[in-house]
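K.L.:
Got a sequence here, can you build the structure:
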Amino acid sequence: MKIMRGTFTGIGVGPGDPELLTLKAVKLIRDCGVAAVPVSDPGLRAPVYEGNEIPLSDSPCSAYLEKCAAYQIALRAVPELASKPKLFLPMPMIRDKEVLKEIHDRDALAAAKLLDEGRDMVFLTLGDPTVYSTCMYVYKRLLRDGYSTALVPGITSFCAAAARLDIPLAENREEIHILPASYGIEESLSLPGTKILMKAGKRMPEVKKLLAERNLETRMVQNCGMKDEQVFRSTEEIPEQAGYYSLIIVKEGKGGEKR
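P.N.:
Predicted coordinates for the structure are as follows:
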């Protein structure tokens, strides 16, 4: 009897608070046959599969689980995740397109092998899988090769940050622009409406300088929804050594009501 292929589902776990996972996300994580875990650590050079017969304490990949924010968020909402088989997928933060292509090709092949066994797989990703998510590198390859795929939306970091700051992202006819701040944003800062700066991290000193020069109203939330969350309500307050999970919301004008 031919085994039906499993489905690969990219699941957004939200920005940090496990209570923000959707009911659908919780159900699919609870029911999945394999959980795919993205690993940014350059020490992982090839996909690694671990079945549920390996206790977490004995797993050579346990350190990757501890560092994966998406996994830790999902685990708090779905404790059963700890005993699920896991596929650790290398997702290094490098810009060499050829090297990345080879890595993502290997990731997709490893996922396909398990899907061919009829096991449903969930890929856990921060925020929403359609917004700057590593999930899509594997997802698009599997979709191209005829596998069953699906996406489950998650609450985005910028929506969560706006709620935390108690401000609207846009009103009436205002525009919203989402900008990857790790690249050049000088021209984009002149766009009308609200600018959302993601991935500012290592370029924070340069980003702060640009915001100050343009006299823009700025707020930032670092590690939104996590235990070490921090809120900054002006450009001056933002530290130059900000963490990776830092999101800046920029409005036209200077200042802003202090809350």
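
K.L.:
Spit out the contact partners of His177.
P.N.:
188, 191, 193-196 (Cβ atoms under 8 Å, 6 or more residues apart in numbering). C-betas here are computed from N, CA, C, even on glycine.

K.L.:
Show me just the buried residues among those residues.
P.N.:
Listed as buried from these are 188, 194-196; burial here means 16 or more other Cβ atoms under 10 Å.

K.L.:
Without its sequence neighbours, what residue ends up closest to Ile178?
P.N.:
Ile196 (4.8 Å; Cβ to Cβ, 6 or more residues apart in numbering).

K.L.:
remind me which residues of the stretch 1-150 of the chain are low pLDDT?
P.N.:
1, 53-59 (pLDDT under 70).

K.L.:
count of residues packed around Arg173?
P.N.:
Close neighbours of Arg173, defined as other Cβ atoms under 10 Å, add up to 7.

K.L.:
Repeat that for Cys68.
P.N.:
With other Cβ under 10 Å as criterion, Cys68 counts 21.

K.L.:
separation between the residue nearest the centre of the chain and Ala74?
P.N.:
For the chain, Leu126 is the residue whose C-alpha lies nearest the centre (Cα atoms, centre = their mean; 3.0 Å). Separation of Leu126 from Ala74 (Cβ to Cβ, to the nearest Å): 10 Å.

K.L.:
Pull up the overlap in contacts between the two.
P.N.:
With Cβ under 8 Å, 6+ apart, Leu126 and Ala74 have common neighbours Val13.

K.L.:
Closest to Ile103 out of the contacts of His177?
P.N.:
Ile196 (28.3 Å; Cβ to Cβ).

K.L.:
in the sheet, who's paired with that closest one?
P.N.:
Ile178, Ile249 (DSSP bridges).

K.L.:
residues in contact with it?
P.N.:
Neighbours of Ile196 in contact, by Cβ under 8 Å, 6+ apart: 158, 169, 176-179, 247-250.

K.L.:
repeat that for 7 Å
P.N.:
By Cβ atoms under 7 Å, 6 or more residues apart in numbering, Ile196 lies in contact with 158, 176-179, 247, 249.

K.L.:
Over to Val26?
P.N.:
Contacts of Val26 by Cβ under 7 Å, 6+ apart are 77-78.

K.L.:
quick one: secondary structure of it?
P.N.:
At Val26, secondary structure determined by DSSP: H, G, I helix; E, B strand; the rest coil is helix.

K.L.:
The protein: helices as residue ranges?
P.N.:
For the chain, applying DSSP state H gives helices covering 23-31, 62-67, 69-77, 97-115, 135-144, 157-165, 204-213.

K.L.:
In space, what's closest to Leu100 - neighbours in sequence excluded?
P.N.:
Excluding the flanking residues, the one nearest Leu100 by Cβ to Cβ, 6+ apart is Ile94, at 6.5 Å.

K.L.:
Many thanks, we can stop here.
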